[in-house]
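Novice: Dropping a prediction and its sequence here:
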Number of protein chains: 2
Amino acid sequence: MTEPRWLDEREARAWRGYQHMRWQLAGALSRRLAADSGLSDSDYGVLVCLSEDPGENVRVGELACSLQWEKSRLSHHLARMEKRGLLLRQGCPSDARGAFVALTPEGRAAIEAAAPAHVEAVRSHFIDLLSPEQLDCLGDIAELVVGHLSRESSGDVAESGC
Amino acid sequence: MTEPRWLDEREARAWRGYQHMRWQLAGALSRRLAADSGLSDSDYGVLVCLSEDPGENVRVGELACSLQWEKSRLSHHLARMEKRGLLLRQGCPSDARGAFVALTPEGRAAIEAAAPAHVEAVRSHFIDLLSPEQLDCLGDIAELVVGHLSRESSGDVAESGC
DNA sequence: TGAACGTGCATGATGTGTCAACTATTCCGT
DNA sequence: ACGGAATAGTTGACACATCATGCACGTTCA
């Protein structure tokens, strides 16, 4: 085994910086969201997905797909959210194996109350700090990295269907 | 309450892209690390910190500080790692409240075995995909964001002492 | 000396994510 | 129509993070 190609200074700055930002920003935003609205990041994601759907009646699998979550994670999480009264699960008539998920009025109220402050937090901690060029640069980077990852894994097992 | 400033297209691309990248990349790297070496991200971080220290004998609080972890999280994690034989905790003679953490030979072997493949994974999934300009841009962004966050929280409660 | 307070760390309860079965249903080839 | 494979979703065991709390020790000051 040959000597590994350790990161040079520029690479290390980017990588460590990214890691640090990732951790700090996620912490700040999720603490803020939880304090403001009592929702976790995961709750927020689920509620956004449900509220974006026109019928507000979504199949569990569809939800799993758009959130990119594992089915079991979603199932557990839906159970917890259902217990809190944020949503309902009901059987699907056309496919008896399946289930629909729908927002309750409480769930709708929760996401509508939480969204403005959350967007504002994302802005103030992140988006508004960056120039248009930096936003584009970040968008490009993300596209590259995600594209590479999905291309690599697409040969893997399945085309993932999402 | 005035209408929130929702994200425009460029901003949304950057934010969604970042979120997506963050999730995908973390997943890919940690799955890879776990498969290659049986270590979690957290394990890896702890071992790196321990192995970087010259004496390889570190106070728990110091470790918590450089990892930016809560003390109790670290305490639990150290207990698990100690049970797996990766490290040892021993009392500190000069301060009877305190504890030292030290790598075992197994722990040292684990980090030395894991590091090259991990760096290679970071390269192939991330660093090597980016141009020098992109690396610098990302470094700048991270510096901005982290700087803003730490400036904001420094007025908060404590100077954090780290 | 000793009471009050701060520090370093451990512990227990709780919420959340992952993995590996598992159930129920549907699809499909014969 | 039947039997096996695929699909939708759930469940339980477990690993982990976080929070609140507890405990042992040290420091300060009356």
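Specialist: Good, I have the coordinates.
Novice: how big is the angle separating the lengthiest helix in chain A from helix B:9-37?
Specialist: Longest among the helix segments of chain A by residue count, using DSSP state H, is helix A:9-37. Computed by axes from the mean of the first three to the mean of the last three Cα atoms, to 10 degrees, the angle separating helix A:9-37 from helix B:9-37 equals 110 degrees.
Novice: And helix A:9-37, how far out from the chain middle?
Specialist: When distances are taken as Cα atoms, centre = their mean, to the nearest Å, helix A:9-37 is centred 15 Å away from the chain's centroid.
Novice: what do you get for stretch A:76-95?
Specialist: Average the C-alpha atoms of stretch A:76-95, do the same for its chain, and the two points are 19 Å apart (Cα atoms, centre = their mean).
Novice: Check whether A:Ala102 sits in a helix, strand or coil.
Specialist: When the structure is reduced to helix, strand and coil (DSSP: H, G, I helix; E, B strand; the rest coil), A:Ala102 reads as strand.
Novice: Contacts only, for it.
Specialist: For A:Ala102, the set of contacting residues under the criterion of Cβ atoms under 8 Å, 6 or more residues apart in numbering or on different chains consists of A:Leu50, A:Glu56, A:Asn57, A:Val58, A:Leu87, A:Leu88, A:Gln90. All C-beta spots, glycine's among them, are computed from the backbone N, C-alpha and C.
Novice: Just the buried ones from those residues?
Specialist: Of the members of these, the ones counted as buried by neighbours, 16 or more other Cβ atoms under 10 Å in any protein chain shown, are A:Leu50, A:Val58, A:Leu87, A:Leu88.
Novice: beta partners for the last one?
Specialist: According to DSSP bridges, A:Ala102 are recorded as the beta-bridge partners of A:Leu88.
Novice: these two touch, right, it and A:Ala99?
Specialist: No: in terms of Cβ atoms under 8 Å, A:Leu88 does not count as a neighbour of A:Ala99; the distance is 10.0 Å.
Novice: Cross-check the contact I'm expecting between A:Ala110 and A:Ser37.
Specialist: Yes: checked against Cβ under 8 Å, the pair A:Ala110 and A:Ser37 is within contact range at 6.6 Å.
Novice: So which of these two has more stuff around it?
Specialist: Between A:Ala110 and A:Ser37, counting by other Cβ atoms under 10 Å in any protein chain shown, A:Ala110 is the more crowded of the two (24 against 18).
Novice: Using PDB, write out every CA atom in stretch A:24-44.
Specialist: Extracted as PDB, the C-alpha positions of stretch A:24-44 are listed here (Å, rounded to 0.1, in the frame of the first residue of the first chain):
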ATOM      1  CA  GLN A  24     -22.600  24.400  13.500                       C
ATOM      2  CA  LEU A  25     -25.200  25.400  11.000                       C
ATOM      3  CA  ALA A  26     -27.300  22.300  11.500                       C
ATOM      4  CA  GLY A  27     -27.100  22.700  15.200                       C
ATOM      5  CA  ALA A  28     -28.100  26.400  15.200                       C
ATOM      6  CA  LEU A  29     -31.000  26.000  12.800                       C
ATOM      7  CA  SER A  30     -32.400  22.900  14.400                       C
ATOM      8  CA  ARG A  31     -32.200  24.400  17.900                       C
ATOM      9  CA  ARG A  32     -33.900  27.500  16.600                       C
ATOM     10  CA  LEU A  33     -36.600  25.600  14.900                       C
ATOM     11  CA  ALA A  34     -37.300  23.500  18.000                       C
ATOM     12  CA  ALA A  35     -37.300  26.500  20.300                       C
ATOM     13  CA  ASP A  36     -39.600  28.500  18.000                       C
ATOM     14  CA  SER A  37     -42.100  25.800  17.000                       C
ATOM     15  CA  GLY A  38     -41.500  22.600  18.900                       C
ATOM     16  CA  LEU A  39     -40.600  20.800  15.600                       C
ATOM     17  CA  SER A  40     -37.500  18.800  14.800                       C
ATOM     18  CA  ASP A  41     -35.800  19.000  11.400                       C
ATOM     19  CA  SER A  42     -37.400  15.700  10.500                       C
ATOM     20  CA  ASP A  43     -40.900  16.900  11.600                       C
ATOM     21  CA  TYR A  44     -40.400  20.000   9.500                       C
END
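Novice: and it, is it in reach of chain B?
Specialist: Yes: judged by Cβ under 8 Å from any Cβ of the partner chain, stretch A:24-44 and chain B are in contact via A:Gln24, A:Leu25, A:Ala26, A:Ala28.
Novice: B:Leu149 is in contact with the last one, correct?
Specialist: By that I understand A:Ala28. Yes: the pair A:Ala28 / B:Leu149 is scored as a contact, 5.7 Å apart, by Cβ under 8 Å.
Novice: list residues touching both of these two?
Specialist: Residues touching both A:Ala28 and B:Leu149 (Cβ under 8 Å, 6+ apart): A:His125.
Novice: follow-up on the earlier one: which helices and strands does the longest helix of chain A pack with?
Specialist: helix A:41-52, helix A:105-125, helix B:9-37, helix B:132-154 (3 or more Cβ pairs under 8 Å, 6 or more residues apart in numbering or on different chains; DSSP states H and E).
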